[in-house]
Every structure is written in structure tokens, then in C-alpha cells.
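# only geometry, no sequence info:
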């Protein structure tokens, strides 16, 4: 989870509570892909995508409540929703899901060619590896998505205050 908010600051339910872990559901689903039906993996993506959408809507509502002479209300809301949605979709769903999927697929393949372990042991080992990789990839992916958005999408709305998406 992120750092606790400063004293007196509003607590962000999507960043500062257990709700944040819903964004990692698809990574857990990918780690378990070799052991569970595909529907369970797709359900995990549904949970993560719902988290992303809810966070984007929340940030849009908060941006609409801010009074600012710089930009109009609809512009602030649009920027907050788009920035949060794109950042979360990339950093919480697409890139980590793909990464865990490829790590697990590669490890299952390597274990199949390099060992004589039974398939069930290879699958459980692959799942454990996938789960262990999740905390390792989070911060590099977050920083990379920040860099990507700062270098592209966020240049389009520099005059509007940048939402805090990470």
C-alpha cells in the first residue's frame, strides 16, 4: 500500500486501504492460470478492471469538487478521469497481467524441459513463482507508466493540474 496520508489529509479509499489490493487481482489470477479454469482468470480481470473504473470515477468526482480558476470544471474532471483510467489500466491491469502471464508461461516451459518433475509440481511451482514476482514488479511498472504518461498523454494537458495517479 502507499504511504499513509498526512495528518488532516483526506484518506483515499482506492490508494490507502485494503481496496487497493483489488487492483492486483488479475496478477493473482495470472499466477494461478495453470491451476484454475480460464473463467477464474477472466473473473480476476473483471475485479481489477472494476477497481480501475471505480478509482477513475472517484478521481473525477474529486476533481469536480475542487474550485480552481485555472481550468473549467469539465476539463478538470475529464483530465482526472482519463489520466487515472489510463494510468491504472496500464500499471494495474495490462502490463502486470502480461508480465506475470509471461513469467509463468516461461517458467512452466523451462520446468518442463529442464526437470522430470510431475506436472502438478511444475504448475504449483509456476504459481508460487508468479505470486513471488508480483511485489518485485509493482514499483518498476508504476514508475515506467509515470514516465510513459509524462512523456506522452500528460503533455496534452500540462496547463491543467496533473492528477496524482500513482
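Here it is on my side, so go on. A quick note: this is a predicted structure, and the numbers were derived from the prediction, not measured. Numbering: from 1, shown residues only.

# could you look up the SS state of residue 116?
Secondary structure, DSSP: H, G, I helix; E, B strand; the rest coil: residue 116 is coil.

# distance check, it against residue 137.
The spacing between residue 116 and residue 137, counted by Cβ to Cβ, to the nearest Å, is 30 Å. Placement of C-beta: from N, CA and C, glycine included.

# and those two? Which one has more around it.
The neighbour comparison of residue 116 against residue 137 (other Cβ atoms under 10 Å) goes to residue 137, with 16 against 8.

# so which bits of whichever strand or helix holds that one are buried?
Per DSSP states H and E, residue 137 falls inside helix 119-150. Using 16 or more other Cβ atoms under 10 Å as the test for burial, helix 119-150 gives 122-123, 125-127, 129-131, 133-134, 137-138, 141-142, 145, 148-149.

# so what does it touch, helix or strand wise?
The elements that helix 119-150 packs onto, with contact taken as 3 or more Cβ pairs under 8 Å, 6 or more residues apart in numbering; DSSP states H and E, are helix 25-31, helix 73-88, helix 95-114.

# and the helix or strand of the chain with the lowest mean pLDDT with helix 119-150, angle?
Lowest on mean pLDDT, DSSP states H and E among the helices and strands of the chain sits helix 73-88, with a mean of 92. Calculated by axes from the mean of the first three to the mean of the last three Cα atoms, to 10 degrees, helix 73-88 forms an angle of 150 degrees with helix 119-150.

# in helix 73-88, what counts as buried?
By neighbour count on 16+ other Cβ under 10 Å, the buried set for helix 73-88 is 76-88.

# list the helices and strands that helix packs on?
helix 38-65, helix 119-150.

# what angle do the last one and helix 95-114 make?
Right, helix 119-150. 150 degrees.

# for helix 119-150, what is the average pLDDT?
Helix 119-150 comes out with an average pLDDT of 97.

# chain center to it: distance?
Between the centre of helix 119-150 and the centre of its host chain there is 11 Å, according to Cα atoms, centre = their mean, to the nearest Å.

# same check, this time on stretch 10-23
Stretch 10-23 has its average C-alpha position 12 Å from the chain's average C-alpha position, going by Cα atoms, centre = their mean.
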